[in-house]
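Chemist: What follows is a predicted structure for the sequence shown.
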Amino acid sequence: MNLLDINIVSGPVVNTIYAVAALILLYLLIRPWSRAWLRTALLTIVISGALGILTLLVVERGLKLIDAPLGAEARTWIVLAFIGFGVAIVNLFRSRWWRKVIAALGIVSFALAATVGVNAAFGINPTVGAFLHIVENKPIHLAKPTAQQPKPTGPLYQSWKPPAGMPALGRTGTQVIPGTLSGFKARPAGIYLPPAALAPNPPALPLMIMMMGQPGDPNPAFMQQALDAYAVENNGLAPIVVVADQLGNPNVDTLCINSKQFGNVETYMTQDVPNWALANLNVIKDPSTWTIAGYSNGGGCAIYYGATHPELFRNVIDISGEDYPGASEAATSLKNFFGGNMAAYDAIKPLKIMATRHYTDSTAIFTGGAKDPDYSAAAAKVAAGARAAGMNTTLFSVPGAGHGADALVGGMKMAARVLFPVLGLAPKS
């Protein structure tokens, strides 16, 4: 078994971590009855919980060190961790050696349980490998593209008949996309092939290039989770998705532009990736069927590319995206990338770009989690600019979603309802 593939969002490993932490906490709370210990335990729980809440307030609202809301579940785990730490620390004093050992182990166990709990609340890093941002190369078999992939004369859903032997669900894997023109060193890209792409004599399908958040990895699993259900509804039809790496290093924000600091990312995303897709995937050549999509950091990049390169990407999906690249650390981005030149920075901001152009055939879909006020506000603002610039614009709020996997998968599902008819994959409702 590959340790990097262990599920740390749900399942036996997660349940075991939670159970061990709960048992240790229970043990540390149970001591020979006395009013003094009861008073000490209650005060410890109250004070530790209050410190946890105060820390959250300082970090989230005071210092604003976290861009997106943590959400009730993640906050609860953090407060519980503080309570566990407090109880463990109290047990280090006036206790026998074995109780001290268990208390010390408890601190580790509580930290681990809280880390797993917070990670599960967001859901973006479902495995150990994803949590550590280790991208394994798991090559997916690609059928050789047909000689020509012209745009169908009519909607593809009208002419496509799924043959016997077509898989019920899509398939994911990875492929290395070299920076032939850009020189950019990207991590292996995730690939999602819908059922129709896996059928005998598959049709040429629309292309979607997707970008994840930062820190983040080009994981195609979320695209399969979002798109397989619609593919099943539409005889296996869905876009072929390339989850491309716009970061290179998960710990840096490249702003998705060409820069001295991080290389020619824009050239990679707008030339190397499309060129590789045309050479290796059975996709329709007509850019009216191509989509640039992104989540969070990738969402801001998606609308930037869609606004700057409408001849290449006629469709845009911006899921919980920033209103412009680098917006979460605007002052740092201005200094490090543009040397303090605000005019140069403004030149890559989608609202500024769209204000000077008119888009006659572009479709733009924006989504934000209902429990993610800042990114929802950014989505609404950029959607208004796209609509004013002539794009066919749709804005969705994802019910109950924050800024995690629920917003990503929910946003893509809502976007698919609009995009599939545009791409000829489903009838218009």
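Modeler: Great, that's in hand.

Chemist: Could you tell me which residues make contact with A196?
Modeler: 160, 162, 166, 202-203, 205, 231, 235-238 (Cβ atoms under 8 Å, 6 or more residues apart in numbering). From N, CA and C alone the C-beta is placed, and that goes for glycine too.

Chemist: where do the strands sit along the stretch 201-350 of the chain?
Modeler: 207-211, 240-243, 258-259, 263-264, 290-295, 315-319 (DSSP state E, counting those that start in this stretch).

Chemist: Mind putting those strands into a markdown table with distance to A104?
Modeler: Below are the strands of the stretch 201-350 of the chain laid out as a markdown table (distance: least, Cβ to Cβ, whole Å):
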| stretch | distance to A104 |
| --- | --- |
| strand 207-211 | 43 |
| strand 240-243 | 42 |
| strand 258-259 | 46 |
| strand 263-264 | 45 |
| strand 290-295 | 40 |
| strand 315-319 | 43 |
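
Chemist: residue ranges with poor pLDDT in this structure?
Modeler: Of all residues in the chain, those with pLDDT under 70 make up the ranges 1, 147-152.

Chemist: quick one, domains of it?
Modeler: Listed domain ranges for the chain are 3-122, 136-422 (source: automatic domain parsing).

Chemist: Which one of those lies nearest to K428?
Modeler: domain 136-422 (4.4 Å; Cβ to Cβ).

Chemist: what's the first-to-last distance across that closest one?
Modeler: Its start and end residues considered, domain 136-422 measures 34 Å (Cα to Cα, to the nearest Å).

Chemist: circling back to that earlier point, what's the most buried one of the domains of the chain?
Modeler: domain 136-422 (a mean of 20; mean count of other Cβ atoms under 10 Å).

Chemist: So the residue nearest to D346 when sequence neighbours are not counted: helix, strand or coil?
Modeler: Closest residue to D346 in three dimensions, ignoring its sequence neighbours and counting by Cβ to Cβ, 6 or more residues apart in numbering: K352, at 4.9 Å. K352 falls in the helix class when you classify it by DSSP: H, G, I helix; E, B strand; the rest coil.

Chemist: so K352 makes contact with Y345?
Modeler: No. Applying Cβ atoms under 8 Å as the test, K352 and Y345 come out as separate, 9.3 Å apart.

Chemist: how about TSV for the domains of the chain, with distance to V128 added?
Modeler: Output for those, formatted as TSV (distance: least, Cβ to Cβ, whole Å):
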stretch	distance to V128
domain 3-122	5
domain 136-422	11
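
Chemist: In a helix, D67, correct?
Modeler: No. Counting by three-state DSSP, D67 falls outside a helix, being coil.

Chemist: which ones are touching it?
Modeler: Taking Cβ under 8 Å, 6+ apart, one finds 328, 374, 403 in contact with D67.

Chemist: Put together JSON lines for those residues, with distance to P218 on each row.
Modeler: Listed next are the contacts of D67 as JSON lines, based on distance: Cβ to Cβ, whole Å:
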{"residue": "S328", "distance to P218": "20"}
{"residue": "D374", "distance to P218": "25"}
{"residue": "H403", "distance to P218": "19"}
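
Chemist: For G84, state which of those residues is nearest.
Modeler: Nearest to G84 among the contacts of D67, with distances taken as Cβ to Cβ, is H403, at 25.9 Å.

Chemist: OK, contacts around P167?
Modeler: Contacts of P167 by Cβ under 8 Å, 6+ apart are 195, 198-199, 236.

Chemist: Could you pull up phi and psi at it?
Modeler: phi -60, psi 150 (degrees, to the nearest 10).

Chemist: what's the answer for P206, then?
Modeler: phi -60, psi 150.

Chemist: Isn't it up against A426?
Modeler: No. Applying Cβ under 8 Å, one finds P206 not in contact with A426, separated by 11.6 Å.
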